[in-house]
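Enquirer: give me the fold of what follows.
(chains A, B and C)
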Amino acid sequence: KPEGKMKEKGKKSKEKSEEEETPGKTRKRKSKEEGEEKNNKKAKKEKKEEEENKWKWWEEEKKEDGVKWTQLEHRGPYFAPLYEPLPDDVQFYYDGKPLKLSLATEEIATFYAKMLDHEYTTKEIFQNNFFNDWRKEMTSKEQKIIKDLDKCDFREIHKYFVDKSEARKALSKEEKQKLKEEADKIQEEYGYCILDGHREKIGNFKTEPPGLFRGRGDHPKMGMLKKRIMPEDVVINCGKDSKIPEPPEGHKWKEVRFDNTVTWLASWTENIQNTLKYIMLNPSSKLKGEKDWQKYEVARRLKDVVHKIRAQYQADWKSKEMKKRQRAVALYFIDKLALRAGNEKEEGETADTVGCCSLRVEHIKLHPKLDGQEHVVEFDFLGKDSIRYYNKVSVEKLVFKNLQLFMKNKDPADDLFDRLNTSILNRHLQSLMDGLSAKVFRTYNASITLQEQLKALTNSEDNVAGKLLSYNRANRAVAILCNHQRSTPKTFEKSMQNLQTKIDAKKQQVEEAQQELKKAEDEFKDTKDAKAEANVEKKKKLLKRLEEQLAKLNVQATDKEENKQIALGTSKLNYLDPRISIAWCKKFGVPIEKIYNKTQREKFAWAIDMADEDFEF
DNA sequence: ACGCAGACTTGGAACAATATTA
DNA sequence: TAATATTGTTCCAAGTCTGCGT
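Expert: So this is what the prediction gives:
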């Protein structure tokens, strides 16, 4: 059944993409209105067609447990382009003298050269790791010469790449267009697969190019050489009766398997941490969407039992068993502060970061009294991606007493919860509710916070801009809860200033308009003639418009300032049940495009289709 | 219970495309 | 129209969590 259906659809979508090219080009040549009208009609038609084309997997029945697909066909990964040697006039210098490097050595040199003005290259660990790995790939002759990184001069190579990227930016429109077409062709060929009769977009269809590993935070492996992925490293996963992808000319796959209990299309082992990397589908795909939906359904089930769970962990604060007490306090942190679970990590292999269960004594300070509050716990640790978590929280007396107990006779570097780890915690959670694990609390608390904040902040009298500010504020509350931070944008100060200038100018305009209105009113009082009356109306309208514009600018400024160091994206994409947002949009007449861009709408297509304005998380 | 591999989600930064401003 | 700011996309690292073997 899927076969025939699929073919038809494939054809349709191809037609569509060809059509898309033309209207844009022809528009300029035609008279504006005529062209646009035609364009509009066509766009509408296309939209409708696309609608029909979309796979509404959420209306279908679910597969049996564990089986993820019955048909899977794809082209395999698209491999990173091979190394292109430097032109002869671009040289590497050792100890002030030019030195021609072997191809492999040169390639690795370019990795370092490209990063020259990055802070990474100033770090000793980075330099050492790089130099060690580089030397390993050198010929024995090179090894004898190149013994000191400080004597290596990559500046000419660096300049070559800077110039190259400048040149690429300066390319003419036509050349850029050509480049884009080539990229699109690759995307068309390798960027999609057929899954159960439907053409689905792949998330990452390219293998990662070789380069220098950039860990985050204080990573012991930063600067190490990330090797080129070859077909011989790659395991292909596809359907038994589908066409097996061809390896590149002269190469073989490491393995081809037909495992329909997993969702990946290809995998390889990465040489830095010796872990697997996968090629998987785009978030808009059924496989990802269904899982996402399910995630929110689990979180909604938690809503029904969370009161019971809270009551229980509070009771457990008094348990005779130390293990239970630790579990109860940790769970309290996870619930109240939205901390991550905190798996153990292998020491020396990664940056030293922690989550709840892996907190150490040195990460918290206890203050019996602080700033007028009692029982304050001061958290200060590096979490995922070495993002700092800093928070002062007033906690229940029992929690405070327990923490004192857990810390007694311990060194700063000792585990706070020495009788607990994530698997103990998760096993317990699983026993409380099917499918419950630590991360569900983050999802649940994020989503419920959004719903509550939207309820509290939205004013139906507001215009769309005002409502959007409320939305952003609700979103922000969640991002703060989850500690989603970003570095202040480089242009922040400047763009804030620009905005202020605009606001001042607008204020001026408003004042002027007020005066003019006054004048017009006075004139009308004197003359009482119709023309003057009309003029009053006109001035009133102008004033109103200007005031609205001013209000909008002020809203923008507030939003910007409040958002300075907060990253909203992650919560929006991963923690907030999209149905909450969609229901809100429908309820308050805010177009969905205002809160979700195209990619986001594709990811949340299931939610957009199924949520109505009364959806309750 | 424990360690480990595997599979999958979550995360900020870098880069590219687009919109806005000068 | 070029320069700049903003928004969207890609990249790939870094988490979580389950299941399996011992």
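Enquirer: which neighbouring elements make contact with the one helix or strand A:Lys164 maps to?
Expert: If you go by DSSP states H and E, A:Lys164 is part of helix A:155-169. Packing partners of helix A:155-169 (3 or more CB pairs under 8 Å, 6 or more residues apart in numbering; DSSP states H and E): strand A:92-94, helix A:103-114. C-betas here are computed from N, CA, C, even on glycine.
Enquirer: nearest to DNA strand C, of those?
Expert: Proximity to DNA strand C, assessed across these by CB to the nearest atom of the strand, is greatest for helix A:103-114 (10.9 Å).
Enquirer: chain center to the closest one, what's the gap?
Expert: In terms of CA atoms, centre = their mean, to the nearest Å, the centre of helix A:103-114 is found 30 Å from the chain centre.
Enquirer: ok, now stretch A:106-118?
Expert: The answer for stretch A:106-118 is 27 Å, by CA atoms, centre = their mean.
Enquirer: quick check: buried residues in that stretch?
Expert: Of the residues in stretch A:106-118, A:106-116 count as buried by neighbour count, 16 or more other CB atoms under 10 Å.
Enquirer: neighbours of A:Ile608, how many?
Expert: When neighbours are defined as other CB atoms under 10 Å, A:Ile608 has 19 of them.
Enquirer: wait, it sits on A:Ile592?
Expert: Yes - with contacts counted by CB atoms under 8 Å, A:Ile608 reaches A:Ile592, the gap being 6.4 Å.
Enquirer: quick check: neighbours shared by the two?
Expert: A:582, A:601 (CB atoms under 8 Å, 6 or more residues apart in numbering).
Enquirer: where does A:Glu523 sit, in terms of helix or strand?
Expert: Secondary structure assigned from DSSP H and E places A:Glu523 in helix A:492-527.
Enquirer: summarise which helices and strands the next helix or strand after that helix is packed against.
Expert: Once helix A:492-527 ends, the next helix or strand along the chain (criterion: DSSP H and E) is helix A:530-562. The contact analysis (3+ CB pairs under 8 Å, 6+ apart) places helix A:530-562 against helix A:464-481, helix A:492-527.
Enquirer: got the angle for helix A:530-562 vs helix A:464-481?
Expert: 10 degrees (axes from the mean of the first three to the mean of the last three CA atoms, to 10 degrees).
Enquirer: now helix A:530-562: mean pLDDT?
Expert: Helix A:530-562 comes out with an average pLDDT of 81.
Enquirer: confidence score at A:Pro23?
Expert: Note on A:Pro23: pLDDT of 32.
Enquirer: also the one 4 residues further on?
Expert: We note a pLDDT of 32 for A:Arg27 in this prediction.
Enquirer: related to what we said a few turns ago, mind putting the helices and strands packed on helix A:155-169 in a markdown table, distance to A:Gln314 and mean pLDDT included?
Expert: Output for those, formatted as a markdown table (distance: least, CB to CB, whole Å; pLDDT from 0 to 100):
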| stretch | distance to A:Gln314 | mean pLDDT |
| --- | --- | --- |
| strand A:92-94 | 65 | 96 |
| helix A:103-114 | 54 | 96 |
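Enquirer: for DNA strand B, find the nearest of the ones you listed.
Expert: Of all these, it is helix A:103-114 that lies closest to DNA strand B, at 8.0 Å by CB to the nearest atom of the strand.
Enquirer: neighbours of A:Pro87, how many?
Expert: Neighbour count of A:Pro87, defined by other CB under 10 Å: 8.
Enquirer: any residue of stretch A:236-243 touching DNA strand B?
Expert: No - no part of stretch A:236-243 sits near DNA strand B under the criterion CB under 7 Å from any atom of the strand; the closest distance found is 8.1 Å.
Enquirer: what separates A:Glu200 from A:His251, distance-wise?
Expert: 26 Å (CB to CB, to the nearest Å).
Enquirer: ugh, typo on my part, it should be A:Ala109
Expert: 26 Å.
Enquirer: which elements pack onto whatever helix or strand A:Asn132 lives in?
Expert: Element membership for A:Asn132 (DSSP H and E) is helix A:124-137. With contacts taken as 3+ CB pairs under 8 Å, 6+ apart, helix A:124-137 sits against helix A:103-114, strand A:225-226.
Enquirer: save the ones you listed as TSV, and put in distance to A:Phe400 too.
Expert: Shown next, in TSV, are the helices and strands packed on helix A:124-137 (distance: least, CB to CB, whole Å):
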stretch	distance to A:Phe400
helix A:103-114	51
strand A:225-226	46
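Enquirer: adding distance to DNA strand B, write the ones you listed out as JSON lines.
Expert: Output for these, formatted as JSON lines (distance: least, CB to the nearest atom of the strand, whole Å):
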{"stretch": "helix A:103-114", "distance to DNA strand B": "8"}
{"stretch": "strand A:225-226", "distance to DNA strand B": "15"}
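Enquirer: interface residues of the stretch 251-400 of chain A facing DNA strand B?
Expert: A:259, A:261-264, A:267, A:275-276, A:278, A:280, A:288, A:291-292, A:295, A:340, A:384-385, A:387.
Enquirer: and the residues you listed, which are buried?
Expert: In terms of neighbour count (16+ other CB under 10 Å), the buried residues within these are A:263-264, A:267, A:280, A:288, A:292, A:295, A:340, A:387.
Enquirer: what is the nearest of those residues to A:His219?
Expert: Nearest to A:His219 among these: A:Ile387, at 13.8 Å, using CB to CB.
Enquirer: ends of stretch A:594-604, how far apart?
Expert: 14 Å (CA to CA, to the nearest Å).
Enquirer: can it be found next to DNA strand C?
Expert: Yes - contact between stretch A:594-604 and DNA strand C, assessed by CB under 7 Å from any atom of the strand, occurs at A:597-600.
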